[in-house]
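>>> test case, fold it:
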Amino acid sequence: MLSCTIFLLAVSYQIGAPTETSRWVDEIYKIKVSIANSIKTPKLVVVAGSNVLFGMSCQMIDEATGVPCVNAGTYAGLGLDYILNRAHSLAKPGDIILLSLEYGLYQDNGGPSAQLIDYVFSRDPKYLLALDFRRKTYFISWISYDRLALGMAAKLKTPQPIAGGYESKNLNKYGDETSNVKSNITEIKKQMIEQAKPIEADVDVITVYSQQSISNFIKWCRNQQIKVLVTWPGTMWFESYKEKKKQEYFKRLEYFYRKERVPVLGKPTDFMYNKSMFYDTSYHLNEQGVQQRTGKIINFLQPYLRINARE
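Numbering: from 1, shown residues only. Sure thing, here's the model as predicted:
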């Protein structure tokens, strides 16, 4: 009992202490919310993890269609629930949300990741307080001793900035990442690209938890008069995707959205590219890949943007 009491006091003490490991995500969220709030007319909000942040150009979409666009891509490590929950603050009635979720998010089981625990305890304690008792218990019991020590250290002294990581200053006024140019691809980044592996297709196509989470989000959007469209992440092509098992995997994902009566833009293979199109991971395109992917997205989007304009 004494050990539990000490642990809970330590957890409570460090809530709200801004760890350096959570800073970048917090900064880009603030920028994207500010961009969204500054737009007073109906807009397009693209929601996902970093496959959108590093893989789609809202600037191109805005310039090609005349529809304001917010690149709301952040970090898939935060998990499906959190990404969808934060999208609530980015869209308003009359907007369109384009979901382009990473494939790993379809296997979410509801357990908080280490990245989400770090972020929520540091930067978004309101989210933690809004959770039901069971989910709060998950967050508190799954916090590691290392993360607890990191939070306590941040409470006592502001941590030094981490050098060499992603930086929020590289976002443009649409929320697009701008540092993913070929001239910035180092040998380490090249090695990361070479080590990329195909997505797993031998797991449940979409977990019950993910189905419920996405369905609830679609229902919320409809209640708010927000239109939802779905497309696929920009990722690396592997020959194994020709296999029958993996083709079936992609078809079943498409079927899920058709059951939800959500328009699907393109097929997964429409947005798969060779290694020359990537920046540092299999979800992070370089500027050439971004242009190709966004060009396809614009073609798929045009009919829905015209319909929305007439409405």
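>>> residue ranges of the strands in the stretch 201-311 of the chain, please?
Listed in chain order, the strands of the stretch 201-311 of the chain (DSSP state E, counting those that start in this stretch) span 227-230, 235-236, 272-273.
>>> which secondary structure elements does the longest one sit against?
Counting by 3 or more CB pairs under 8 Å, 6 or more residues apart in numbering; DSSP states H and E, the packing neighbours recorded for strand 227-230 are strand 96-99, helix 208-223, helix 287-310. Any C-beta I mention is one placed from the backbone N, CA and C, and that applies to glycine too.
>>> ok, which of the ones you listed comes nearest Asn180?
Closest approach to Asn180 among those is made by helix 287-310 (6.3 Å; CB to CB).
>>> tell me the mean pLDDT for the closest one?
In this model, helix 287-310 has an average pLDDT of 87.
>>> for Ile117, find the nearest of the strands of the stretch 201-311 of the chain.
Closest among the strands of the stretch 201-311 of the chain, using CB to CB: strand 235-236, at 26.2 Å.
>>> the closest one packs against which elements?
Using 3+ CB pairs under 8 Å, 6+ apart: strand 235-236 touches strand 272-273.
>>> name the strands paired with the strand it packs on and say parallel or antiparallel.
strand 235-236 (parallel) (DSSP bridges).
>>> OK, contacts around the spatially closest residue to Gln247 that is not a sequence neighbour?
Of all residues not flanking Gln247 in the chain, Tyr241 sits nearest, at 7.5 Å (CB to CB, 6 or more residues apart in numbering). Tyr241 makes contacts with 198, 247, 250, 269, 272, as judged by CB atoms under 8 Å, 6 or more residues apart in numbering.
>>> out of the strands of the stretch 201-311 of the chain, which gets nearest to Leu53?
strand 235-236 (13.8 Å).
>>> residues making contact with the closest one?
51, 103, 193, 196, 198-199, 271-275, 278, 282-283.
>>> turn the strands of the stretch 201-311 of the chain into a markdown table, including distance to Leu301.
Putting the strands of the stretch 201-311 of the chain into a markdown table (distance: least, CB to CB, whole Å) gives the following:
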| stretch | distance to Leu301 |
| --- | --- |
| strand 227-230 | 8 |
| strand 235-236 | 20 |
| strand 272-273 | 19 |
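>>> so Trp232 sits right up against Asp270, yeah?
Yes. The pair Trp232 / Asp270 is scored as a contact, 7.0 Å apart, by CB atoms under 8 Å.
>>> those two: which is more packed in?
Trp232 (25 against 14; other CB atoms under 10 Å).
>>> got a list of what that one touches?
100, 266-268, 270-271.
>>> among those residues, which ones are buried?
100, 268, 271 (16 or more other CB atoms under 10 Å).
>>> pLDDT and distance to Asp81 for those residues - can I get that in JSON lines?
Listed next are the buried ones among the contacts of Trp232 as JSON lines, based on pLDDT from 0 to 100; distance: CB to CB, whole Å:
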{"residue": "Ser100", "pLDDT": "98", "distance to Asp81": "17"}
{"residue": "Pro268", "pLDDT": "96", "distance to Asp81": "23"}
{"residue": "Phe271", "pLDDT": "98", "distance to Asp81": "24"}
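>>> out of the helices and strands packed on strand 227-230, deepest packed?
Of all those, strand 96-99 carries the top mean neighbour count, a mean of 24, counting by mean count of other CB atoms under 10 Å.
>>> now do it: which elements does it pack against?
strand 44-47, strand 227-230, helix 287-310.
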